[in-house]
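K.L.:
A predicted structure for the sequence below; I have some questions about it.
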Amino acid sequence: MKPGVVFPNQMAPTLADAGALVEAGAQSLVALPGAFVDESFNLTASPDDIATVCGQMELAAVMMAEPLQNEGDSSAGVAHLQSCIDLADALRDYFSQDALPLVVCDVGPYASGQKSEALKAGVAALQQVAPHAEERQVVIGVKPDRNSAVDRARGAANLLGEVGSSYVQIALDAAGTVGDKDALDDAVGRLKDNIVIAFARDVKFDADGTATYPPPGNGVLQYPTYVALLSDAPGCNHLVVGDQSSPEELKVALAKVSGFVKA
């Protein structure tokens with residue numbers, strides 16, 4: 001499993017700065033669309049710069065910059081997901097030859113009392129976009145999170161069944177569900193055959209149960225266990241650190257994740 005990082009970030013705000021990520025131990029990138037295109041998805045990055053960076057680090061995924069649905073409204077999210085799929089398809093040569101290009105998708109939040117409606121909107125949106133993903137031969141990785149309409153492993157498994165497409169899989173961020181929604185072994189065990197990428201955060205709970213997310217290794221998530229469980233997920237080849245509050249913190253987080261992966 002390769003240690004990766006979400007890009008752009010505090011350490012590397014542009015492609016020209018990405019060499020610092022290689023020095024810090026990153027072997028792969030999950031790229032927000034703005035790394036390569038403008039708001040209209042016109043290419044802004046130089047093909048030479050993209051090739052240089054992706055010659056040093058594998059492109060693991062494109063990650064949506066907005067949720068698929070927001071309190072039941074999926075019109076903007078569907079268009080954004082389709083554009084991200086097209087971008088991943090256009091960048092196909094930079095992905096591993098062993099796997100299809102991947103787009104990471106957050107189903108999105110729900111208003112109080114409206115979780116069921118938001119979940120239905122997310123399922124309908126994925127059903128709408130899945131044929132486009134299949135046509136482009138791009139996989140959608142849905143990321144469950146406690147603030148999302150898909151907020152636990154069981155709900156994620158149910159969503160996969162409802163959508164019914166092999167081009168909709170799971171991007172697992174254990175810190176987003178484990179500790180109150182899921183047990184770690186159950187979450188990974190339930191979803192392991194569908195996990196196409198994993199994220200590295202950690203989680204703590206305040207006295208009132210509010211979750212906060214420190215860097216990996218600084219919370220209650222047992223990272224050696226997490227990595228060991230992910231080793232049984234046959235499609236998961238990347239453990240990806242999100243952006244941190246400073247370049248120094250990101251460097252430390254990458255070092256920790258690299259150590260967990262190699263242990």
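P.N.:
Right, received. Where do you want to start?
K.L.:
Leu81 and Val107 touch, don't they?
P.N.:
No. Leu81 is beyond contact range of Val107, at 10.6 Å (criterion: Cβ atoms under 8 Å). (Each C-beta comes from the backbone N, C-alpha and C, glycine too.)
K.L.:
joint contacts of those two?
P.N.:
Leu68 (Cβ atoms under 8 Å, 6 or more residues apart in numbering).
K.L.:
Neighbour count for those two, which is higher?
P.N.:
Neighbour count, other Cβ atoms under 10 Å: between Leu81 and Val107, Val107 has more, with 29 against 24.
K.L.:
Skipping adjacent residues, who's closest to that one in space?
P.N.:
With Cβ to Cβ, 6 or more residues apart in numbering as the criterion, Val107 has its nearest non-adjacent residue at 3.9 Å, and that residue is Gly122.
K.L.:
Could you do Lys192 as well?
P.N.:
Nearest non-adjacent residue to Lys192, counting by Cβ to Cβ, 6+ apart: Ala233, 4.1 Å away.
K.L.:
what's the distance between Asp48 and Gly108?
P.N.:
Between Asp48 and Gly108 the computed distance is 36 Å (Cβ to Cβ, to the nearest Å).
K.L.:
which one of the two has more residues nearby?
P.N.:
Counted by other Cβ under 10 Å, Asp48 and Gly108 do not tie: Gly108 has more neighbours, with 26 against 9.
K.L.:
how about the nearest residue to the more buried one, chain neighbours excluded?
P.N.:
Nearest residue to Gly108, sequence neighbours excluded (Cβ to Cβ, 6+ apart): Pro67, at 2.8 Å.
K.L.:
A strand includes that neighbour, no?
P.N.:
No. Going by DSSP: H, G, I helix; E, B strand; the rest coil, the assignment for Pro67 is coil, not a strand.
K.L.:
Assess the claim that the residue nearest to Lys192 and Ile195 are in contact.
P.N.:
Yes. Counting by Cβ under 8 Å, Ile195 is a contact partner of Ala233 at 4.2 Å.
K.L.:
Quick check: neighbours shared by these two?
P.N.:
172, 188.
K.L.:
Now do stretch 156-173, average pLDDT.
P.N.:
Averaged over stretch 156-173, pLDDT sits at 97.
K.L.:
Could you do stretch 200-207 as well?
P.N.:
pLDDT averaged over stretch 200-207 gives 94.
K.L.:
One more: stretch 86-100?
P.N.:
So the average pLDDT for stretch 86-100 ends up being 91.
K.L.:
can you list contacts of it?
P.N.:
Residues outside stretch 86-100 that contact it (Cβ under 8 Å, 6+ apart) are 33, 36-37, 41, 43, 50-51, 54, 58-62, 101-103, 136-139, 196, 235, 237.
K.L.:
Give the PyMOL command for selecting the buried subset of those.
P.N.:
Typed into PyMOL, the line below selects the buried ones among the contacts of stretch 86-100, using 16 or more other Cβ atoms under 10 Å:
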select buried, resi 33+36+37+41+50+54+58+59+60+61+62+101+102+103+136+138+139+196+235+237
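K.L.:
mind listing the helices in the stretch 51-200 of the chain by residue range?
P.N.:
75-90, 115-136, 153-163, 184-191 (DSSP state H, counting those that start in this stretch).
K.L.:
buried stuff in the third one?
P.N.:
In other words, helix 153-163. For helix 153-163, by 16+ other Cβ under 10 Å, it's 153-157, 159-160, 163.
K.L.:
ok so, going back, thought Val104 was touching the residue nearest to Gly108, still the case?
P.N.:
No. Between Pro67 and Val104 there is no contact under Cβ under 8 Å: 11.5 Å.
K.L.:
Looking at the two, which is more packed in?
P.N.:
In terms of neighbours (other Cβ under 10 Å), Val104 is the more surrounded of Pro67 and Val104; the figures are 26 against 23.
K.L.:
Quick check: bridge partners of that one?
P.N.:
On the basis of DSSP bridges, Val104 is bridged to Met63, Gly141.
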